[in-house]
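> I'd like to go over a predicted model; first the sequence, then the structure.
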Amino acid sequence: MSTVNGGDSSIKNQTVGLSRYQPTGQRFNRVTVSAGNNKKAHPPTTSAATLAQLATTNGSLNDQLLAAGSQKQDPQDVRGTTDDPEPSKGLDERSEEKLQRICGENIADDKNDIVKQRSTSSSSSSSSSDQKEEYKEAILLRWSDMPRHLQFNPYIYTGYRPVMTIWGCIASLFYVHNETINIMTHGLPVVYILVTVPSLLPWGSQGPLAAFLSWCHLIGAVSPWIGSFVYHLFMNLDRGEAIYKKLLQLDMLGIWISQSFGALPMIAASVHCLPETLWHCCLLTYSVLSFWGLLKAMNAWSPWERRLCFAPPFMMRMLVLTLRYLGISGGSPTALTHLVLQDFVAAAGGAVGALHIPEKWIPGKVDLFLNSHNIMHMMVVMAVYSMHAATLRDLAWMSNPSVCFAEPPTTFSSNHEEL
């Protein structure tokens, strides 16, 4: 055998010495050649370990044979050993079996290790390649490919993100799809409002009422954007329809906070000059109507049903706005235009979104940009800006002690302070 005899001279000498003491050394050599042939099919690191095992085995076999030969001094015993092939035959078979077992076990173990390493590396590489492929290609689907709960606008044909994990949804911020405009138009205002608005509010410098209304305005101005941003970013999360409904409820909660807490400064300023009992009744009535709208909005499913949940608070705002226009109850005259735009633009945007205009007229043409939901988002941003401008004017107007001609308040903080 070329591999064993050429690899180590000591093993070659031991193999030759072993053939002197056993008449069936040819069979041993055949086993060695067989083991060597198996070794040729395996990496070099495996052959070194196998050769070491062969050297140890050959050495122990030579010692056993030499000891057996030295004990047989009687010619009759030697002749019997020579004439009777059975003892050497049995020893030779045992040696051959032992070698086969050692070589076979080592080679089988090495082969199993190599197969396991290759299978593990191939499986890990395939799984990692699948993960890379998932995020490498921004695969966008058609409306018909989406789950049923995400098929809410049949006039938007393409640009849908597939169902994704949390990290897949976050990664969708970095490529264009049909929710990109919706995410950006309500994500950027969060940063802008938190950076600029707090420094413009009076907070506690004009009493507890001013501080309370300042908090109402800040929370009401930022809450719809947070809820809408989270909803549109994770609406295709791979957690099923139940999680989608929770996200939709979060979006509706943000709108409700804007319609309730965000409008409290406007309600308070509009009835600022009414008697104190009527002032409290107006705020209490608006709060009750707002909570009724919240309960309805949490269980609403269709776009029209969700929008009609805010009709009672909207009608209350229209009533006090009429009183304000007539100069009966109070409010800054310079804020009147912004108050009209605040509700008119928001209502128009809601109608555009519910009617699916313009994609109903040109289906498939505005899938990524300028569809009804994009337009509604931009109109809502304009409406909240008008609310912000009106609130700043109303808070400044309420700080003037001479705004109400009948029983003018001494300070802004002393009027309705028990709120």
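Done, it's in. Numbering: from 1, shown residues only.

> tell me what whichever strand or helix holds C282 is packed against?
If you go by DSSP states H and E, C282 is part of helix 276-299. Under the contact definition 3 or more CB pairs under 8 Å, 6 or more residues apart in numbering; DSSP states H and E, helix 276-299 sits against helix 241-260, helix 264-270, helix 311-325. (C-beta placed from N, C-alpha, C; glycine too.)

> Look up the residues forming beta bridges with the closest residue to M146 other than its chain neighbours.
Closest residue to M146 apart from its sequence neighbours, by CB to CB, 6 or more residues apart in numbering: Y160 at 5.3 Å. Beta bridges link Y160 to L141, judged by DSSP bridges.

> Kindly provide the distance from Y160 to P198.
38 Å (CB to CB, to the nearest Å).

> Which one's more surrounded, these two?
Y160 (22 against 11; other CB atoms under 10 Å).

> does that one really touch L141, like I thought?
Yes. Assessed by CB atoms under 8 Å, Y160 is found in contact with L141 at 4.6 Å.

> wait, is H272 part of a strand?
No. Counting by DSSP: H, G, I helix; E, B strand; the rest coil, H272 is not found in a strand; it is coil.

> any idea how far it is from G364?
Counting by CB to CB, the gap from H272 to G364 is 52 Å.

> neighbours around H186, how many?
Close neighbours of H186, defined as other CB under 10 Å, add up to 25.

> ok so, going back, point out the most buried one among the helices and strands packed on helix 276-299.
Mean neighbour count (mean count of other CB atoms under 10 Å) peaks for helix 264-270 among the helices and strands packed on helix 276-299, with a mean of 26.

> Who are the packing partners of that helix?
helix 208-234, helix 276-299, helix 311-325, helix 372-398.

> Pull out the buried residues from the second one.
Judged by neighbour count using 16 or more other CB atoms under 10 Å, the buried positions of helix 276-299 are 279, 282-283, 286, 289-290, 293-294, 296-297.

> okay, the angle between that helix and helix 241-260?
Interaxial angle of helix 276-299 relative to helix 241-260 (axes from the mean of the first three to the mean of the last three CA atoms, to 10 degrees): 160 degrees.

> what's the next secondary structure element after helix 276-299?
Per DSSP H and E, helix 276-299 leads on to helix 303-308 as the next helix or strand towards the C-terminus.

> How about exporting that following helix as CSV, limited to the C-alpha atoms?
Extracted in CSV, the C-alpha atoms of helix 303-308 (Å, rounded to 0.1, in the frame of the first residue of the first chain):
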residue,chain,number,x,y,z
PRO,A,303,-64.1,54.3,7.2
TRP,A,304,-67.5,56.1,7.3
GLU,A,305,-68.3,54.5,10.6
ARG,A,306,-65.1,55.7,12.1
ARG,A,307,-65.6,59.2,10.9
LEU,A,308,-69.1,59.5,12.1
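
> And it, what does it pack against?
Judged by 3+ CB pairs under 8 Å, 6+ apart, helix 303-308 is in contact with helix 336-355.

> now for the helix it packs on, which elements pack on it?
With contacts defined as 3+ CB pairs under 8 Å, 6+ apart, helix 336-355 has these neighbours: helix 303-308, helix 311-325, helix 372-398.

> right, and these - which one's nearest F229?
Closest of the helices and strands packed on helix 336-355 to F229 is helix 372-398, at 10.5 Å (criterion: CB to CB).

> I'd like the average pLDDT over the closest one.
Across helix 372-398, pLDDT averages out at 95.
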